[in-house]
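Trainee: Kindly return the folded structure for what I paste below:
(2 chains)
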Amino acid sequence: MKSLAELAAIRDKMKNKVALREESGETRIVVGMATCGIAAGARPVLSTFVEEVDKAGLNGSVAVTQTGCIGLCRYEPIVEVLRAGEEKVTYIKMTPEKALEVMEKHIKGGKPVVEYTIGNIEK
Amino acid sequence: MIRSHVLICGGTGCTSSGSVAVREAMAKELELAGLSDEVKIVQTGCFGLCANGPIMIIYPEGTFYSHVKVDDVKEIVEEHLLKGRLVERLLHKETDEGVTETVHSLSDTKFYKKQHRVALRNCGVINPESIDEYIGTDGYQALGKVLTEMKPQEVIDTILASGLRGRGGAGFPTGRKWQFAADQPAGKKYVVCNADEGDPGAFMDRSVLEGDPHAVLEAMAIAGYAIGADEGYIYVRAEYPIAVQRLTIAINQAREYGLLGKDIFGTGFNFDITLRLGAGAFVCGEETALLASIEGKRGEPHPRPPFPAVKGLFGKPTIINNVETLANIAQIINKGADWFASMGTEKSKGTKVFALGGKITNTGLVEIPMGTTLREIIEDIGGGIPNGKKFKAAQTGGPSGGCIPASLIDTPIDYDNLLAIGSMMGSGGLIVMDEDNCMVDIAKFFLEFTVDESCGKCVPCRTGTRRLLEILEKITSGNGEMEDLDKLEELCNYIKSTSLCGLGQTAPNPVVSTLRYFRDEYIAHIVDKKCPAGVCKKLLHYHIDAEKCRGCTACARQCPTNAISGAVRTPHTIDPAKCIKCGACMATCKFGAIYKQ
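Mentor: Numbering: from 1, shown residues only, chains lettered A, B, ... in the order given. From the prediction side, this is the model:
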């Protein structure tokens, strides 16, 4: 290493990775990963979110976690998005494709994808 | 793609409670569950809650599991990592006023809330064996900054302005030490890191070295730039194998990245570091003895002046800083002197790491701002005294320090307050004692240590401490006389004022301070021939309560010296002349008929 620029490059690359260990996460994407969720295909959904968050470099502010069964097994895979100061948004019957859309419109764009939410289907 | 980090403590405390096996089991279970690509295991340094090890923290949730066993790993993987359900039974539990609460996150524990982690900021956060993770938490930024933006004198001025004082015990202002060495004519100079942590029960420096070794290397390079040195030594005891291993890895990584070696950052500044292993002699923590040991000579002190800053290692100007002192340097450079000076008290700035031990619930490592009271450390952070016992005293400064009695529990802890009440900051060992501890016995314990560790070069220390110990033994065996107390005090004064180095000058402190605050206990030993705490064996006698004794003969059969006699079904008696006070009878009795007094 011969310059500060190289040091800064390593720091920026690593910062995102170490940031996972801070409990700040302004946004939390919670994927239902109980038996019902896994059976309905929650794993690829989870992987998609994890990959997309990383690609977008949002590791510091967005946390992807799993949760257990919330009792709505027929709607699995269920994904909840929690953002500070906003109401929780619950997406149901998720797929990797839908996850990509939620990523773009909701996580980055700030607008929930209403058609995939539980409220829309129960109407 | 990694979605979760499993942090497993790899400090000495958790390693000895089995964290290595837990880590291996975790790797295997992740593989079996097909999660190896998305869950990363990170071996970290000490989290501080050593009593509850092995400790595991899972991010991004920040879930805090304590006492994790190999058998628990499968459940953690299947429940937590796969399905996202917390393993409730492994969550850390905290008891407060009789109510036990389950704590989900480390930062929610009372143990952490009052702490302020500066020197320990990376301990338990990063993998100490990865230089990239250190760089990811702003590591080596400070070195880059001083080399490219600051003049050496500006570095020294910053450290001076921060008010940082040496964390090894004496509390000498670090900036002034650097100034002395910088003021010497240019030429060969050295930076030495004193990692010879020898106080019984102290493990602050070990934890920093194990948890964040690069912080020490970076600070040494900064110090080298400030005083004009190109070579550094770390003197660490061979009894710290994990610290030695991680330092070796860290030095090699730093060399590979060009952060140690020649022409660092292309600025023409050269600095390299060598490890020197000590054999664990307490006196080698004294700076002049330490230098002698690095030079390959017998580890004995020599008189100062000349001070090492003028004539130190191999006769060249040398600064010697303690590990914890160095762990603060890079952050002072990055965040500024004002940031550091905003913490602490008027004359003691920043934070201090303490190794909490003895009769305390949360044995472990804590870092608090200077000025925190002893009560906060013991009751809030330490979780109080176990088994409903009463706090009697705290011992700080190890064999060189003294006791703080319960009446002074609200003293804000800083260098000057501790000196004023007859103790000292020391390197940060803090041993808590309850009503079952005999203060004369405590003084005797530390004297035994200094008698063993005295290097023997000067008479007051070699012979004086031996005589002190003999008087204490006389008192604890019931042969003491009141005039012994005067003799103790007189001898303490001689040893303090005439010993060659810090070891001897401070060796009488445990006696002086226990005499000051617990004189009544000494008198009880001498006049009443009793040990109020029931510790000093020679003053104790075992008795059988005739009302409770059923004459079952169990005790008589256990007694190794046949000191117990009596017919079957009639109360037995103990012959004090034959009794060796081993306590075997008391442990055997089912009726609680045997007591000691």
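
Trainee: for the closest residue to residue B:187 other than its chain neighbours, what are its contacts?
Mentor: Spatially, and ignoring its direct neighbours in sequence, residue B:187 is nearest to residue B:316 (7.1 Å; C-beta to C-beta, 6 or more residues apart in numbering or on different chains). Backbone N, C-alpha and C define where each C-beta goes, glycine included. Neighbouring residues of residue B:316 by C-beta atoms under 8 Å, 6 or more residues apart in numbering or on different chains: B:187-190.

Trainee: For residue B:316, give its distance to chain A.
Mentor: Per C-beta to the nearest C-beta, to the nearest Å, residue B:316 is found 29 Å from chain A.

Trainee: Please apply the same query to residue B:50.
Mentor: 20 Å.

Trainee: One more: residue B:57?
Mentor: Distance from residue B:57 to chain A, by C-beta to the nearest C-beta: 8 Å.

Trainee: doesn't that residue fall inside a helix?
Mentor: No. Applying DSSP: H, G, I helix; E, B strand; the rest coil, one finds residue B:57 to be strand, outside a helix.

Trainee: list the contacts for the nearest residue to it once chain neighbours are set aside?
Mentor: Once flanking residues are discounted, residue B:57 sits nearest to residue B:7: 4.4 Å by C-beta to C-beta, 6+ apart. Residue B:7 makes contact with A:21, B:42, B:44, B:56-59, B:124-125, according to C-beta under 8 Å, 6+ apart.

Trainee: From those, pick the one nearest residue B:73.
Mentor: Using C-beta to C-beta, residue B:56 comes nearest to residue B:73 of these, at 8.9 Å.

Trainee: can you tell me which residues contact that closest one?
Mentor: Listed by C-beta under 8 Å, 6+ apart, the contact partners of residue B:56 are B:6-9, B:22, B:64-66, B:68, B:76.

Trainee: Just say helix, strand or coil for the spatially most central residue of chain A.
Mentor: Centroid-nearest residue in chain A, with C-alpha atoms, centre = their mean: residue A:29, separated by 3.5 Å. Here residue A:29 is strand, with the state taken from three-state DSSP.

Trainee: unless I'm mixing things up, it is touching residue A:67, no?
Mentor: No. Taking C-beta atoms under 8 Å as the definition, residue A:29 is not a contact partner of residue A:67, at 10.6 Å.

Trainee: shared neighbours, the two?
Mentor: residue A:80.

Trainee: Chain B contacts on chain A?
Mentor: Counting by C-beta under 8 Å from any C-beta of the partner chain, chain A comes close to chain B at A:1-4, A:7, A:10-11, A:13-15, A:17-18, A:20-21, A:23, A:25, A:30-35, A:37-38, A:46-47, A:50-51, A:54, A:63-68.

Trainee: again, only this time at 6 Å
Mentor: A:1-2, A:4, A:7, A:10-11, A:14-15, A:18, A:20-21, A:23, A:25, A:33-34, A:50-51, A:54, A:63-68 (C-beta under 6 Å from any C-beta of the partner chain).

Trainee: neighbours around residue A:95, how many?
Mentor: The burial count assigned to residue A:95 is 15, neighbours taken as other C-beta atoms under 10 Å in any protein chain shown.

Trainee: next one: residue B:381
Mentor: 26.

Trainee: ok, now the one 4 residues further on?
Mentor: Residues near residue B:385, counting by other C-beta under 10 Å, number 20.

Trainee: related to what we said a few turns ago, the contacts of residue B:7 into JSON lines, with extra columns for pLDDT and distance to residue A:90?
Mentor: Converted to JSON lines, the contacts of residue B:7 look like this (pLDDT from 0 to 100; distance: C-beta to C-beta, whole Å):
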{"residue": "A:21", "pLDDT": "73", "distance to residue A:90": "27"}
{"residue": "B:42", "pLDDT": "92", "distance to residue A:90": "32"}
{"residue": "B:44", "pLDDT": "92", "distance to residue A:90": "35"}
{"residue": "B:56", "pLDDT": "94", "distance to residue A:90": "30"}
{"residue": "B:57", "pLDDT": "92", "distance to residue A:90": "28"}
{"residue": "B:58", "pLDDT": "91", "distance to residue A:90": "24"}
{"residue": "B:59", "pLDDT": "87", "distance to residue A:90": "24"}
{"residue": "B:124", "pLDDT": "85", "distance to residue A:90": "35"}
{"residue": "B:125", "pLDDT": "86", "distance to residue A:90": "33"}
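
Trainee: Confirm that residue B:233 sits in a helix.
Mentor: No. Counting by three-state DSSP, residue B:233 is not part of a helix but strand.

Trainee: show me where chain A has strands.
Mentor: For chain A, the strands defined by DSSP state E cover A:27-32, A:62-67, A:79-83, A:89-91.

Trainee: which stretch in those strands has the least confidence?
Mentor: Note on those: lowest mean pLDDT is at strand A:62-67, with a mean of 82.

Trainee: now that one and strand A:27-32, what's the angle there?
Mentor: Interaxial angle, strand A:62-67 versus strand A:27-32 (axes from the mean of the first three to the mean of the last three C-alpha atoms, to 10 degrees): 20 degrees.

Trainee: Strand A:62-67 to strand A:79-83, inter-axis angle?
Mentor: Per the same axes, to 10 degrees, the angle that strand A:62-67 makes with strand A:79-83 is 140 degrees.

Trainee: Show me the shaky parts of chain B.
Mentor: B:95-99 (pLDDT under 70).

Trainee: Up against chain A, what does it have?
Mentor: So chain B meets chain A at B:1, B:3, B:5, B:59-62, B:83-85, B:132-133, B:135-137, B:140, B:144, B:257-258, B:266 (C-beta under 6 Å from any C-beta).

Trainee: coming back round to it: and the residues of chain A next to chain B, which are buried?
Mentor: Among the residues of chain A next to chain B, those classed as buried by 16 or more other C-beta atoms under 10 Å in any protein chain shown are A:1, A:4, A:7, A:10-11, A:14-15, A:18, A:20-21, A:25, A:33-34, A:50-51, A:54, A:63-68.

Trainee: what about residue B:226, which SS state?
Mentor: helix.

Trainee: got the contact list for the closest residue to residue B:509 other than its chain neighbours?
Mentor: Leaving aside its chain neighbours, residue B:509 sits nearest to residue B:402 (4.9 Å; criterion: C-beta to C-beta, 6+ apart). Neighbour list for residue B:402: B:422-423, B:509, B:513 [criterion: C-beta atoms under 6 Å, 6 or more residues apart in numbering or on different chains].

Trainee: what about residue B:128, neighbour count?
Mentor: As a burial measure, residue B:128 scores 33 neighbours (other C-beta under 10 Å).

Trainee: Helix, strand, or coil at it?
Mentor: coil.

Trainee: Quick check: it touching residue B:211?
Mentor: Yes. Counting by C-beta atoms under 6 Å, residue B:211 is a contact partner of residue B:128 at 5.5 Å.

Trainee: what sits in contact with each of the two?
Mentor: residue B:45.

Trainee: In chain A, what residue spans correspond to helices?
Mentor: Here chain A has its helices, by DSSP state H, at A:4-19, A:35-40, A:42-55, A:96-102, A:118-122.

Trainee: Ramachandran angles for residue B:39?
Mentor: Dihedral pair for residue B:39: phi -120, psi 130, per degrees, to the nearest 10.

Trainee: What sits closest to it if chain neighbours are left out?
Mentor: residue B:4 (4.7 Å).

Trainee: what about the one you found, neighbour count?
Mentor: Look at residue B:4: counted by other C-beta under 10 Å, it has 23 neighbours.

Trainee: does it really touch residue B:40, like I thought?
Mentor: No. Contact criterion C-beta under 6 Å: residue B:4 and residue B:40 do not qualify, at 7.3 Å.
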